[in-house]
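Novice: just need the structure, nothing else, for what follows:
(chains A and B)
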Number of protein chains: 2
Amino acid sequence: MLDQADPALHPRSRSLFHPLTMPVPTTNLTVYTLSGQDPEGLFPCILGHEAGAIVESIGEGVTSVKPGMYVIPCYTPQCQEAGCIYCQSPKTNLCPKIRGTQGKGVMPDGTSRFSTMDGRHIYHFMGCSTFAEYTVVAEISCAVVSDKAPLDKVCLFGCGVSTGLGAVLKTCALEEGATVAVFGLGAVGLAVVQAAKMRKARRIIAIDMNEKKFDMARQLGATDCLNPSTFGEKPIQTVVVEMTTWGVDYSFDATGNTEVMRAALECAHRGWGVSCVIGVAASGKVIQTRPFQLITGRTWKGTAFGGWKSRVDVPMLVQQYLGGELPIDHYVTHEYDGVDKINDAIHALHEGNCLRAVVSYATP
Amino acid sequence: MLDQADPALHPRSRSLFHPLTMPVPTTNLTVYTLSGQDPEGLFPCILGHEAGAIVESIGEGVTSVKPGMYVIPCYTPQCQEAGCIYCQSPKTNLCPKIRGTQGKGVMPDGTSRFSTMDGRHIYHFMGCSTFAEYTVVAEISCAVVSDKAPLDKVCLFGCGVSTGLGAVLKTCALEEGATVAVFGLGAVGLAVVQAAKMRKARRIIAIDMNEKKFDMARQLGATDCLNPSTFGEKPIQTVVVEMTTWGVDYSFDATGNTEVMRAALECAHRGWGVSCVIGVAASGKVIQTRPFQLITGRTWKGTAFGGWKSRVDVPMLVQQYLGGELPIDHYVTHEYDGVDKINDAIHALHEGNCLRAVVSYATP
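Specialist: Coordinates of the predicted model:
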């Protein structure tokens, strides 16, 4: 069920969804909240924020989505209103229209649409709550995608893979011939490698403590794979600077570790290197560096959902996937059938060989 | 005397300079080194790095500068060689050609050209050493400017004022209508205000603990002046965000204080705010923030010498000054005559009412 953002219009309803979810331990937001480390986590809630789904029904006033449509629920909405400075700006995707209620685990009208059989309140999660056979999502949070798209694949565009791709293609707008370093080779970091290759990066240095990730990184375009633990006491940023003379044009953190974020910044090229934070850090953690790093020309930035405007850009990514320009099937390493398999999928993620585990709940 | 960078070619020589220097306490690099806090400071040395001068003689192989020319020695050189990736890039001004020897307090050939009467070695400082009636500077460090320029004014383009102007005009390339916050209203911060006004900033918030600076800030274009100590426990970044709804499009630190650098970042606009570090921090200090600040769209960068390429851009700034488009006389609050007045000028700077004190050594 899709609700408009305007709280006055919302009858309670439900939607038949076909959510296919795929969390990964290092940076996956659902797993982070599940761990209890998210100080803003609200329980009990229905987790899950990466999915593909089919609309079952719509609420009063919903106009842009109809039953039967294929959608990807997005935790970053796009209201597209003339008065929204964020939606009107080409510089950002961070539409704040419903962030207040979304952060409180409720719909824009302030209510939850979930409860236990005996009537106890259950919170929403990130405006998505896709670990469920049915969920309720705001209209402005739904990216309508081609109904030719296989939902068990394009569900990946719901968060991590889109984020990694967008960090390169959108937030940093990588130029052809650039040099790149990527820290963390989960699905997000691998999507950075893939996007850097798409942009014809000259050199792509892929970095992870888990060398099992290197094969996939190389397949996607990494030219060098480094395990930081094999360089003794030498900081990894020093290793990267030495092997590139001055550092890399662009570096990306896809780990969520604030020490790694610093390393990523400090291996960026003197004079013009840009370092982009993608991973979400644990609560209370700070990033730090000497200001000299910035004075001498490095830029520190970040990305949320890869800078993609959800309702406009996600359908475009799906089209590129359908056209064969943007393969993503390789991120699906595990598949499960049935909503009761969600815990199995999360266990798989923690074992280190999983990029994305897709769980199918129902086939309409 | 102007030397080429190539160490093989340099006979020892001297130049008649007419250096006019103007340090300011908060961010002036000479005063920082003088204080003993600069871990890379080498003593004994001849300090001074902001000056205008007339060339007395040139070394063998020097072609682009001739005796009698008006020059501004620049601590950032510009070699302009085809093989210099920095000089060839439009993204940076940080030509590294002579940074190794400059950092060691010597000329590109590894020698010092200064000594005491009894023959003891004296180090160079930042490639300039302008607290002297004669100095020796590398050819690639000299910006040749119009000989119609009053050296006792355009000497200001040697560092701080250029840096503040360039932070806005070059490093951040401010758009018309932007909102701006500036922390620290010494000459650097005031130059930020001036440049923001030139770029038709919609709102310019000028911030300093010393309210005596506010009159000049308003004259240069500040729309709001804030003293952080008047807001009780409320952090200044919160004050700025509240008065602008979401923060400012661009913020600048011109204090060198790392806590202020954090405040400047955190008052930048969610989604697209850019914060630029200009001030030089004390040794060992780090900047820090929560990575969430970057993830939600803020960019942290820095500038050195305002991003200006010294030999190309400084003459252009001087032309703009001569054309009346870029007034800078208002930064000269104190004037002294004679090289023996340098200590008086530095005392004046520490009293808080001085922007730049210009000391004239000799009139050719």
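Novice: what about the helices in the stretch 1-150 of chain A?
Specialist: Ranges of helices in the stretch 1-150 of chain A, per DSSP state H, counting those that start in this stretch, are A:29-34, A:85-88, A:99-103.
Novice: highest mean neighbour count out of those?
Specialist: Mean neighbour count (mean count of other CB atoms under 10 Å in any protein chain shown) peaks for helix A:29-34 among the helices of the stretch 1-150 of chain A, with a mean of 21. C-beta: built from backbone N, CA, C; applies to glycine.
Novice: tell me if it is near chain B.
Specialist: No - legend: contact between helix A:29-34 and chain B by CB under 8 Å from any CB of the partner chain is lacking; minimum distance shown is 11.2 Å.
Novice: that helix - what's its average pLDDT?
Specialist: Helix A:29-34 shows a mean pLDDT of 78.
Novice: that helix: how far from the chain's middle?
Specialist: Put simply, helix A:29-34 sits 12 Å off its chain's centre (CA atoms, centre = their mean, to the nearest Å).
Novice: repeat for stretch A:229-245
Specialist: 28 Å.
Novice: ok, and what's touching it?
Specialist: Contact partners of stretch A:229-245, identified using CB atoms under 8 Å, 6 or more residues apart in numbering or on different chains, comprise A:179, A:181, A:183, A:203, A:205, A:207, A:209, A:224, A:226, A:228, A:247-248, A:251, A:262-264, A:266-267, A:269.
Novice: using CSV, list the CA coordinates for that stretch.
Specialist: This file holds the C-alpha atoms of stretch A:229-245, laid out as CSV (Å, rounded to 0.1, in the frame of the first residue of the first chain):
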residue,chain,number,x,y,z
SER,A,229,47.5,-6.8,7.0
THR,A,230,50.3,-7.9,4.8
PHE,A,231,52.2,-4.7,5.0
GLY,A,232,53.4,-5.0,8.6
GLU,A,233,53.4,-1.7,10.4
LYS,A,234,53.1,0.4,7.2
PRO,A,235,49.8,2.2,7.1
ILE,A,236,47.7,1.3,4.1
GLN,A,237,47.5,4.9,3.0
THR,A,238,51.3,5.0,2.8
VAL,A,239,51.3,1.9,0.7
VAL,A,240,48.8,3.4,-1.7
VAL,A,241,50.6,6.7,-2.0
GLU,A,242,53.9,5.0,-2.6
MET,A,243,52.5,2.8,-5.4
THR,A,244,50.8,5.7,-7.1
THR,A,245,53.5,8.4,-6.4
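Novice: so for residue A:51, which of the helices of the stretch 1-150 of chain A sits nearest?
Specialist: Closest to residue A:51 of the helices of the stretch 1-150 of chain A is helix A:29-34 (CB to CB; 10.5 Å).
Novice: for that closest one, packing partners?
Specialist: With contacts taken as 3 or more CB pairs under 8 Å, 6 or more residues apart in numbering or on different chains; DSSP states H and E, helix A:29-34 sits against helix A:342-350.
Novice: tell me the angle the very next helix or strand once past the helix it packs on makes with helix A:342-350.
Specialist: Once the chain leaves helix A:342-350, the next helix or strand it forms, by DSSP states H and E, is strand A:356-360. Strand A:356-360 and helix A:342-350 are oriented at 170 degrees to each other (axes from the mean of the first three to the mean of the last three CA atoms, to 10 degrees).
Novice: residues in the stretch 201-350 of chain A within reach of chain B, list them.
Specialist: So the stretch 201-350 of chain A meets chain B at A:246, A:258, A:261, A:270-272, A:277, A:279-281, A:285-304 (CB under 8 Å from any CB).
Novice: would you mind listing which of those are buried?
Specialist: Taking 16 or more other CB atoms under 10 Å in any protein chain shown as the criterion, what is buried in those is A:246, A:258, A:261, A:270-272, A:277, A:279-281, A:286-287, A:289-304.
Novice: which phi and psi does residue A:336 have?
Specialist: In terms of degrees, to the nearest 10, the main-chain angles of residue A:336 are phi -140, psi 160.
Novice: ok, it touching residue A:361?
Specialist: No - assessed by CB atoms under 8 Å, residue A:336 is found out of contact with residue A:361, at 9.6 Å.
Novice: higher neighbour count, those two?
Specialist: residue A:361 (24 against 19; other CB atoms under 10 Å in any protein chain shown).
Novice: which non-adjacent residue is nearest that one?
Specialist: Spatial nearest neighbour of residue A:361, chain neighbours left out: residue A:339 (4.5 Å); criterion: CB to CB, 6 or more residues apart in numbering or on different chains.
Novice: now do residue A:76
Specialist: In space, residue A:76 comes closest to residue A:305 once its chain neighbours are excluded; the distance is 4.6 Å by CB to CB, 6+ apart.
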